[in-house]
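Asks: One predicted model, sequence on top.
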Amino acid sequence: MKEIELKELREIELHILDFVSNFCENVGLTYFLCGGTLLGAVRHKGFIPWDDDIDIMMPRPDYERFLIEFPEHEYLKVMCHRRDNHYPFAFATVGDIRTWKYEKNLRKKYAKGLCVNVDVFPIDGLPDCPKEIKRFYSAISLQGKILQSATYKWGKGKTLLSTMMKNISILLFRATEIAGINSLQKILLKWNLLASTFDFNSAHIVGITAISHYGIKEANNKVIYSDKIKVEFEGKLYNAPVGYDTYLSQLYGKYYMDIPSKDKQFSHHISKCYWK
């Protein structure tokens, strides 16, 4: 297999984003750039120089329609745990099946179906009370740890204690998996039910709940998603929430437009991509 270099990887991802954006615009689905992709659009008008992926988000009702209505395509496919018992994430992706993405932390049976992709996150309703929001995201964080126990290989943590805890949790999951008590599908089904506890349409506070990385920082008043504006990303225009400044300030701090120091300019992703 031929390894895909960074420039080509970004070109593939941009092609996927273009197709997804055009599809959503044509059928009336709402999507927004999110996370580091939105930060890159606002601060760099494209990819953050040391980053290599694309993320979008959709209100839960649009997300559910997207999973059902995404059209047949020669090589672009929607991937999610509802379609593939070995899909290892609580959110969906749109991937180019001509490629393969090697995620070194994942067990082989969960890594073999991955490919170069754009991540698609649902925006879900949240409780109104700040204490309840904090409790809710604690439950989401726990689901993230359980999912890692199910999908990760044996390995080292940052400390001896974290290494022990990581491998003990993996051992416990695999024991319950062999006994037929637990499975990846059960974990992801539970996560999906938890994430969609609060109806998006009737909620005042909303946020991404299908990933545990940012936690409570994802929670925002729904008004910031009430409309969309166009932002430039690699020479083309894509959707951002009208309240993007509030969103980015919440995630990255009020000085998000400042370029971080050199020691903080690195990608958090540990994958390699190949043409099949």
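Replies: That came through fine.
Asks: Every contact and neighbour count from this point should use C-alpha atoms.
Replies: Fine.
Asks: Next up, the contacts around L39.
Replies: By Cα atoms under 8 Å, 6 or more residues apart in numbering, the contact set of L39 is 48, 248, 256.
Asks: Could you pull out the buried residues of stretch 51-64?
Replies: Neighbour counts over stretch 51-64 (16 or more other Cα atoms under 10 Å) mark 51-63 as buried.
Asks: The contacts of L39 in helices, which ones?
Replies: L248 (DSSP state H).
Asks: distance of G125 from S267?
Replies: To S267, G125 is 30 Å away according to Cα to Cα, to the nearest Å.
Asks: can you check S196 too?
Replies: With Cα to Cα as the criterion, S196 and S267 are 30 Å apart.
Asks: again, but for Q185
Replies: Distance from Q185 to S267, by Cα to Cα: 29 Å.
Asks: So which of the two has more stuff around it?
Replies: When Q185 and S267 are compared for neighbours, Q185 comes out ahead with 17 against 12, by other Cα atoms under 10 Å.
Asks: The nearest residue to that one once chain neighbours are set aside in helix, strand or coil?
Replies: Nearest residue to Q185 in three dimensions, chain neighbours excluded: N85, at 6.3 Å (Cα to Cα, 6 or more residues apart in numbering). Put simply, N85 is coil when judged by DSSP: H, G, I helix; E, B strand; the rest coil.
Asks: how many other residues sit next to N85?
Replies: 13.
Asks: thought it was touching S183?
Replies: No - N85 is beyond contact range of S183, at 9.5 Å (criterion: Cα atoms under 8 Å).
Asks: just the helices in the stretch 101-250 of the chain please.
Replies: Assigned by DSSP state H, counting those that start in this stretch, the stretch 101-250 of the chain shows helices spanning 108-111, 130-151, 160-178, 184-195, 244-252.
Asks: K7 is nearest to which of those helices?
Replies: helix 108-111 (23.0 Å; Cα to Cα).
Asks: Check which helices and strands that closest one sits against.
Replies: strand 99-103 (3 or more Cα pairs under 8 Å, 6 or more residues apart in numbering; DSSP states H and E).
Asks: What is the strand it packs on packed up against?
Replies: Counting by 3+ Cα pairs under 8 Å, 6+ apart, the packing neighbours recorded for strand 99-103 are helix 108-111, strand 271-275.
Asks: ok, now with 10 Å
Replies: Here strand 99-103 touches strand 2-3, helix 108-111, strand 117-126, strand 271-275, going by 3 or more Cα pairs under 10 Å, 6 or more residues apart in numbering; DSSP states H and E.
Asks: Could you spell out the sheet neighbours of it, each with its direction?
Replies: strand 271-275 (antiparallel) (DSSP bridges).
Asks: could you give me the average pLDDT of the strand it pairs with?
Replies: Mean pLDDT, strand 271-275: 93.
Asks: How about residues contacting that strand?
Replies: 1-6, 9, 96-105, 114-116 (Cα atoms under 10 Å, 6 or more residues apart in numbering).
Asks: Separate out the buried members of these.
Replies: Buried members of the contacts of strand 271-275, scored by 16+ other Cα under 10 Å, are 4, 9, 96-97, 99-103, 114-116.
Asks: Those into a markdown table, with extra columns for pLDDT and distance to I168?
Replies: As requested, these are exported to a markdown table (pLDDT from 0 to 100; distance: Cα to Cα, whole Å):
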| residue | pLDDT | distance to I168 |
| --- | --- | --- |
| I4 | 97 | 35 |
| L9 | 97 | 36 |
| D96 | 98 | 35 |
| I97 | 97 | 34 |
| T99 | 98 | 34 |
| W100 | 96 | 30 |
| K101 | 96 | 27 |
| Y102 | 94 | 25 |
| E103 | 92 | 21 |
| L114 | 96 | 26 |
| C115 | 97 | 30 |
| V116 | 97 | 31 |
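Asks: quick one: which of the residues you listed is nearest to S138?
Replies: Nearest member of the buried ones among the contacts of strand 271-275 to S138, counting by Cα to Cα, is E103, at 25.9 Å.
Asks: Which residue is the nearest non-sequential neighbour of that closest one?
Replies: E103 sits nearest to S271 (Cα to Cα, 6+ apart), 4.6 Å away.
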